[in-house]
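Trainee: sequence plus predicted model, see below.
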Amino acid sequence: MSRLPQLTAETANEEQRELLESTLKQLGKVPNLYAALANGPAALRGYLAMREALVGGTFSTKQREQLALFIAQRNSCTYCVSAHTMRGGRVGLSEDQLLATRRGTDTDPHMDQVLKLTGEVMASGGRVSDTALAEARAAGVTDAEIAEIVGHVALNVLSNFFNHVAEPELDFPLVDAHTLD
């Protein structure tokens, strides 16, 4: 059971209802994460704005799903690992690719370095080494992608940590973030 109410059009105030409608427009549904995050309209508004901005960035839908899945795995967020495993499959990631992403690897050298740099950003609090940046750039990671990696970390840490606090009811097929099999 969720530790924060999962708001609906019937239980939300006007501001919350508008945000839930915006979520529905962006995603086609209102996942329980968003229904709980609507308790803090400013938090949901900020999340939706950042998500929308990053959707217009340099990473493809598949790459954005890989980033979200990897970050969720690193943060042991079962809700988000479950959601992004399902979404990743829907955008064309195979079971092997999903598992590799959760481990922080990819057969494509560019995406492999994107994931490695993402892991470095998370592990170092953004204090990545010159060597890590040079390796990423050598694999073709652009400065725009480096900036967006940090944006994706921030966006996904917000949702991962909020899930840890709120514990919304899981509305995706379960994929346990505590196991990698």
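Mentor: Received it, and whenever you're ready, just let me know what you need. Residues are numbered from 1 along each chain as shown.
Trainee: residues in contact with the nearest residue to residue 100 once chain neighbours are set aside?
Mentor: Among residues not flanking residue 100 along the chain, residue 106 sits closest, at 6.1 Å (Cβ to Cβ, 6 or more residues apart in numbering). For glycine as for every other residue, the C-beta is placed from the backbone atoms N, C-alpha and C. By Cβ atoms under 8 Å, 6 or more residues apart in numbering, the contact list for residue 106 reads 66, 97, 100, 112, 114, 115.
Trainee: which elements pack onto the helix or strand the fifth one falls within?
Mentor: The one in question is residue 114. Assigned by DSSP states H and E, residue 114 belongs to helix 109-124. In terms of contacts (3 or more Cβ pairs under 8 Å, 6 or more residues apart in numbering; DSSP states H and E), helix 109-124 is packed against helix 61-74, helix 130-138, helix 143-166.
Trainee: just the residues contacting the helix or strand bottoming out on mean pLDDT in the chain, thanks.
Mentor: The weakest-scoring helix or strand in the chain, judged by mean pLDDT, DSSP states H and E, is helix 14-27 (a mean of 92). Contact partners of helix 14-27, identified using Cβ under 8 Å, 6+ apart, comprise 7-9, 12, 30-31, 34-35, 38-39, 41, 44-45, 48, 51-52.
Trainee: quick one: mean pLDDT for whichever helix or strand comes after it?
Mentor: Once the chain leaves helix 14-27, the next helix or strand it forms, by DSSP H and E, is helix 32-37. For helix 32-37, mean pLDDT rounds to 96.
Trainee: residue 133: what's it in contact with?
Mentor: 117, 146.
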